[in-house]
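S.K.: Sequence first, then the predicted structure:
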Amino acid sequence: MSRHDNWEAVIGLEVHCQLLTKSKIFSGAPTAYGAEPNTQACAIDLGLPGVLPVLNGEALKMAVKFGLAIDAQIAERCVFARKHYFYPDLPKGYQISQYELPIVSKGHLDVDVDGQVKRVGITRAHMEEDAGKSLHEGFGQQSGIDLNRAGTPLIEIVSEPDIRSAQEAVAYLKKLHQLVVYLGICDGNMQEGSFRCDANVSVRRKGADKFGTRTETKNINSFRFVERAIEFEIERQIEVLESGGKVIQETRLFNPDTGETRTMRSKEEAMDYRYFPDPDLLPVAVGKAEIERIRGAMPELPEAKKQRFVAQYGLPAYDAAVLTGERALADFYERVVQLSAADPKTCANWTTTDLLGVLNKTGKSIERSPVTGEMLAGLIKRIVDKTISGKIAKEVFEAMVAGEGDADAIIKAKGLVQITDESAIVKAIEDVMAKNPGQLADYRSGKDKLFGFFVGQVMKATQGKANPDAVNRLLKEKLK
């Protein structure tokens, strides 16, 4: 029995999701990533005297959209609050957020963990502005401050402490990431900080009702790092408790180079932030009619799309899950089916095996695929109309990946049109039989496995261009 058998982890995640608006949450300053430092922060973002914030209506709609997608309660009246703390990259000395009356509350996500569906509650999702960024490299003993992110719109998504392992945490996080990207409210770029996670972790004895003391590990920006940080923190806390110590409530940072978490600061409580309603922002009223308008504009969500792919295209559940993993991939597949008018399973095989194989190997997204949906559909059409064989199609696909053009151009340039003239195939068969009298005698004496040898020799003689069905049929007749 491992010591883990005596302990249970209790995990909750707080996810900061950057909303995909062109301007900031309370100003008209742009939100584009990668600009020169301090070129995208205006007087409102800096909180200069006399300026007034104005809520970005698109950000509000995106928050409502998320709430509807997780079957949550949408507040018909929500309030912005000031969250006070001092940090160099927080120019106003407070962050505009929501506290007692958030826009979204009491939702959930159902996640698949090792074939079992687990429901993770979502306590709330509140709107807030992002802070700036402190830069510590290239300034000697000083730090630089870039305020381009200040005022960027976020929703902070807070789960219930329903998660019991690092694996469950990653499954939940991936499902959440998929959802916000599908909704078009976030680009999901974890490297750029558009989707980042804080992990609250505690441990308790198996069977205990009371939660243990939790720590919060901040700003983890990859699924793998989330898993490693939580696993380390569970081990660390168990070791502390079993050695007679006490877990300290604190904020920690994860070091991906060592795989360890370390103390950052003591953990603040809500009272430390001195929340109070922001006097410059009126309460926000979202009427039922507006909520229904937003609901009507919602895209098809991942689970519904997966079920439709199974019903409409007759795909296995596994294939449907892979194809609907990303909205762009699902759109790509449906374009291939529509343009090729081919069997949906054939289109799925080419998309999930051949295309995704290349993209995974080269580290490219479906949006940057060297083979477009139109190109893949064109290739499949040439298999269906027997212009090329399945084997030749692999060669054509490789040429398409290499940038040599579409299927028709490659087939023409390389002279790959399939041989369907049966007289030409018969001649190739007779030549192979004449060159292999020993194998012919063995086959006719009962060694049926040699049939594959003759098929291979005929295909080799025709440079793979002979129609495989015709080769098999005609060989059976000639070898009798």
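M.R.: Yep, that arrived.
S.K.: so what's the residue nearest in space to the middle of the chain scoring on pLDDT?
M.R.: Taking CA atoms, centre = their mean, the centroid of the chain lies closest to Q178, which sits 4.7 Å from it. The model reports Q178 with a pLDDT of 96.
S.K.: Next up, the contacts around it.
M.R.: Q178 makes contact with P302, G325, E326, according to CB atoms under 8 Å, 6 or more residues apart in numbering. Quick note: C-beta positions are derived from backbone N, CA and C, even for glycine.
S.K.: redo that, cut-off 10 Å
M.R.: Contacts for Q178 (CB atoms under 10 Å, 6 or more residues apart in numbering) come out as G188, L301, P302, E303, T324, G325, E326, R327.
S.K.: Which parts of the stretch 151-300 of the chain are strands?
M.R.: Assigned by DSSP state E, counting those that start in this stretch, the strands in the stretch 151-300 of the chain fall at 153-159, 195-205, 215-220, 250-255, 260-266, 276-277, 284-285.
S.K.: which one of those strands has the lowest average pLDDT?
M.R.: Looking at these, the lowest mean pLDDT belongs to strand 260-266 (a mean of 86).
S.K.: and that one, which strands flank it?
M.R.: Using DSSP bridges, the neighbouring strands of strand 260-266 in the sheet come out as strand 250-255 (antiparallel).
S.K.: Contacts for the strand it pairs with, please.
M.R.: The set of residues external to strand 250-255 that reach it, using CB under 10 Å, 6+ apart, is 198-199, 201, 213-221, 225-226, 228-230, 232-233, 236, 260-268.
S.K.: can we see that at 6 Å?
M.R.: Contacts to strand 250-255, defined as CB atoms under 6 Å, 6 or more residues apart in numbering, come from residues 215-218, 220, 229, 261-267.
S.K.: Out of those, the closest to P370 would be?
M.R.: I220 (32.6 Å; CB to CB).
S.K.: contacting residues for I44?
M.R.: Remark: with contacts taken as CB under 6 Å, 6+ apart, I44 is in contact with F26, S27, V51, P53.
S.K.: One more: I185?
M.R.: L19, L20, M62, K65.
S.K.: per-residue confidence for the closest residue to it other than its chain neighbours?
M.R.: Distances taken as CB to CB, 6 or more residues apart in numbering place M62 nearest to I185, at 4.0 Å, with adjacent residues excluded. If you check M62, the pLDDT there is 98.
S.K.: T21 is in contact with M62, correct?
M.R.: No. Look at M62 against T21 with CB atoms under 6 Å: they stay out of range, at 7.2 Å.
S.K.: Comparing those two, which residue is more hemmed in?
M.R.: Between M62 and T21, M62 has the larger neighbour count (other CB atoms under 10 Å), namely 24 against 18.
S.K.: Phi and psi next, for the more buried one.
M.R.: Dihedral pair for M62: phi -70, psi -40, per degrees, to the nearest 10.
S.K.: got it, and the one 3 residues further on?
M.R.: Here is the backbone geometry of K65 (degrees, to the nearest 10): phi -60, psi -40.
S.K.: wouldn't it be in contact with L183 here?
M.R.: Yes. With contact taken as CB under 6 Å, K65 and L183 are classed as touching, separated by 5.4 Å.
S.K.: The two: who's more crowded?
M.R.: Regarding K65 and L183, a neighbour count based on other CB under 10 Å identifies K65 as having more, with 22 against 19.
S.K.: For that one, give me its contacts.
M.R.: Each residue near K65 by CB under 6 Å, 6+ apart is listed here: L183, I185, I294.
S.K.: Same check on V417?
M.R.: For V417, the contact set (CB under 6 Å, 6+ apart) comprises T387.
S.K.: Assign it to helix, strand or coil.
M.R.: State at V417, reduced to three classes by DSSP: H, G, I helix; E, B strand; the rest coil: coil.
S.K.: Quick check, F80 in contact with P277.
M.R.: No. Taking CB under 6 Å as the contact criterion, F80 and P277 are not neighbours in contact, 7.2 Å apart.
S.K.: Comparing the two, which shows the higher neighbour count?
M.R.: For F80 versus P277, the count of surrounding residues by other CB under 10 Å is larger for F80: 28 against 16.
S.K.: Run through the stretch 351-480 of the chain and note the low-pLDDT ranges.
M.R.: Per-residue confidence for the stretch 351-480 of the chain (pLDDT under 70) gives these ranges: 418-421, 424.
S.K.: ranges for the helices of it?
M.R.: According to DSSP state H, counting those that start in this stretch, the stretch 351-480 of the chain carries its helices in the segments 356-362, 373-384, 390-401, 407-414, 422-435, 437-444, 451-461, 468-478.
S.K.: Kindly report the same for the stretch 151-300 of the chain.
M.R.: 166-183, 223-242, 288-296.
S.K.: What helices and strands are in contact with the longest one?
M.R.: Read it as helix 223-242. Using 3 or more CB pairs under 6 Å, 6 or more residues apart in numbering; DSSP states H and E as the contact criterion, the secondary-structure elements in contact with helix 223-242 are helix 166-183, strand 195-205, strand 215-220, strand 260-266.
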